[in-house]
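Participant: got a predicted structure plus its sequence, pasted below:
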Amino acid sequence: MTTSLAPFPVEKIRKEFPILTQKMNDQAFVYLDNAATSQKPLAVIERLSKFYRNENANIHRGVYTFSQNSTRECEEAREKIQHFLNAKESAEIIFVRGATEAINLVAATFGRKFLKKDDEILISEIEHHANIVPWQQLAEEKGLKLRVIPVKDNGELDLEAYEKMLGPRTYLVAITQVSNSLGTINPVREMIKAAHHAGAVVLVDGAQAVPHMKVDVQDLDCDFYVFSGHKVYGPTGVGVLYGKRKHLEAMPPYQTGGDMIESVTFEKTTFAKIPAKFEAGTPAFAEIIGLGTAIDYLKSLGLDEINRYEHELLEYATEKLSKIPGLTIIGTAPDKASLISFELEGIHPHDVGTVLDQYGIAVRAGHHCAQPTMKRFGVPATTRASFAFYNTKAEIDVLVKGIEKVIQVFK
Ligand code: PMP
């Protein structure tokens with residue numbers, strides 16, 4: 001770690017997250033469930049409040065000023081996300097409800113239209129259910145083959161196996177950039193290159209990546225990229241599908257109805273151009289505007305600075321947790337985002353989580369919507385502590401003390 005860098009202003013930042021001053025079970029609230037959802041800065045809370053108090057009006061349809069302002073703000077949010085992902089144009093940014101809906105959209109439109117019997121879809125052994133089940137359903141429907149890239153014991157994908165799996169039948173590769181259950185950062189850029197070489201199209205699940213690192217979809221050269229607003233310090237109910245124009249234009253609409261049409265008669269409907277073609281009905285316009293504010297906020301902190309600080313937290317937590325007798329970290333890939341999944345010998349993760357709750361510590365216990373990953377590592381569930389840039393080393397110390405208390409309770 002270089003010492004010339006200014007320290008990350010975590011104490012100042014914490015003041016911008018009102019929930020962090022709450023107590024939980026009479027203890028200082030230690031929020032370590034950031035991979036499930038992130039807390040919201042005042043900037044986002046106040047933007048939503050101001051919008052609902054003073055500005056609320058539906059987009060697209062109004063000729064009056066408030067409606068036009070909402071429309072403009074949503075389009076500005078689209079441009080902010082375009083720049084955030086470095087997409088070529090804002091029309092490649094589609095607003096959806098979240099990562100799950102974005103993947104379902106691609107499976108139901110691109111997948112249904114282009115994939116044919118015996119084509120192969122490659123996913124990995126460390127995917128979230130959101131990036132498994134839609135492909136599995138599609139495979140059943142169309143007689144496709146779903147193949148799984150294996151993971152090594154440390155949580156890294158077996159890239160040699162992956163390269164061997166790619167072939168003329170591979171139509172689509174759908175991989176996560178960061179595993180939500182192990183923290184592994186996959187080398188998606190190289191994986192995309194290899195997939196393209198084999199003629200395959202690639203969807204990247206960025207739900208756990210965008211909160212932690214700079215993402216450049218042109219540099220990655222992915223065909224699709226998805227993420228959820230609520231994990232990136234924005235509101236719930238809004239997420240993003242990025243798609244290359246050529247794909248989005250070739251795909252049929254997902255849902256149909258208002259706002260996605262060019263003209264409607266009882267005989268025939270013609271569809272709007274992208275992005276409207278994929279945004280049927282009233283979108284979560286207040287939340288879209290709030291997501292734009294969240295992106296501004298992240299940019300003001302700097303993704304590189306966030307990444308550096310969170311990495312420090314990860315290293316600190318890994319060192320401290322590794323010293324606890326009976327604790328095994330699941331997922332020890334050299335390149336990890338700031339989360340730690342662990343097992344405590346003889347103690348069920350739900351019991352770990354419940355006791356930690358008594359000490360004000362919020363962690364996640366369960367299969368993390370990644371049952372195949374749990375199966376691969378031979379555990380029914382893990383306890384997961386996931387860190388954001390507003391967490392501190394002192395909070396990790398509280399976690400360590402909490403785990404020691406759990407061990408005492410179950411001794
Ligand atoms: N992919 C990954 C890697 C995730 O962690 C999650 C959320 N846990 C999702 C997809 C689904 O996100 P959402 O529930 O917001 O649609």
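Facilitator: Received, thanks. Residues are numbered from 1 along each chain as shown.

Participant: all helices of the stretch 151-300 of the chain, in order?
Facilitator: Per DSSP state H, counting those that start in this stretch, the stretch 151-300 of the chain carries helices over the ranges 159-165, 188-197, 217-220, 245-250, 285-301.

Participant: deepest-packed of the ones you listed, please.
Facilitator: Highest mean neighbour count of the helices of the stretch 151-300 of the chain: helix 285-301, a mean of 22 (counted as mean count of other Cβ atoms under 10 Å). (Glycine included, C-beta is placed from N, CA and C.)

Participant: check which element follows it along the chain.
Facilitator: Helices and strands here follow DSSP states H and E; after helix 285-301, the next one along the chain is helix 303-322.

Participant: run the chain-centre distance for that following helix.
Facilitator: Offset of helix 303-322 from its chain centre (Cα atoms, centre = their mean, to the nearest Å): 19 Å.

Participant: which parts of it are buried?
Facilitator: Buried residues in helix 303-322, counted by 16 or more other Cβ atoms under 10 Å: 303, 306-307, 309-314, 317-318, 320-321.

Participant: just checking, what packs against it?
Facilitator: In terms of contacts (3 or more Cβ pairs under 8 Å, 6 or more residues apart in numbering; DSSP states H and E), helix 303-322 is packed against strand 327-330, strand 339-344, helix 393-409.

Participant: using CSV, lay out those together with distance to the ligand, mean neighbour count and mean pLDDT.
Facilitator: Converted to CSV, the helices and strands packed on helix 303-322 look like this (distance: least, Cβ to the nearest ligand atom, whole Å; neighbours: other Cβ atoms under 10 Å; pLDDT from 0 to 100):
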stretch, distance to the ligand, mean neighbour count, mean pLDDT
strand 327-330, 16, 20, 98
strand 339-344, 10, 25, 98
helix 393-409, 21, 17, 97
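
Participant: output the ones you listed as a markdown table; include the columns distance to F17.
Facilitator: Formatted as a markdown table, the helices and strands packed on helix 303-322 follow (distance: least, Cβ to Cβ, whole Å):
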| stretch | distance to F17 |
| --- | --- |
| strand 327-330 | 27 |
| strand 339-344 | 19 |
| helix 393-409 | 13 |
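
Participant: ok, which of these comes nearest S90?
Facilitator: strand 339-344 (31.4 Å; Cβ to Cβ).

Participant: give the buried residues for the following helix or strand past that closest one.
Facilitator: Once strand 339-344 ends, the next helix or strand along the chain (criterion: DSSP H and E) is helix 349-358. By neighbour count on 16+ other Cβ under 10 Å, the buried set for helix 349-358 is 349, 351-353, 355-357.

Participant: can you name the next helix or strand after helix 349-358?
Facilitator: Using DSSP H and E, the helix or strand that follows helix 349-358 towards the C-terminus is strand 361-362.

Participant: name the residues that touch that next one?
Facilitator: For strand 361-362, the external contacting residues (Cβ atoms under 8 Å, 6 or more residues apart in numbering) are 24, 27, 29-33, 356, 398-399, 402.

Participant: could you rerun that using 6 Å?
Facilitator: Identification of contacts with strand 361-362 by Cβ atoms under 6 Å, 6 or more residues apart in numbering yields 30-31, 33, 399, 402.

Participant: need phi/psi at Y64.
Facilitator: Per-residue torsions, Y64: phi -80, psi 160 (degrees, to the nearest 10).

Participant: typo on my end, it should be I274
Facilitator: The phi and psi values for I274, taken as degrees, to the nearest 10, are phi -70, psi 150.

Participant: just P235 next, same as before
Facilitator: Backbone geometry at P235, expressed as degrees, to the nearest 10, gives phi -70, psi 170.

Participant: model confidence score at it, please.
Facilitator: With respect to pLDDT, P235 has a value of 98.

Participant: that one: how many residues sit nearby?
Facilitator: 21 (other Cβ atoms under 10 Å).

Participant: sweet, I'm off.
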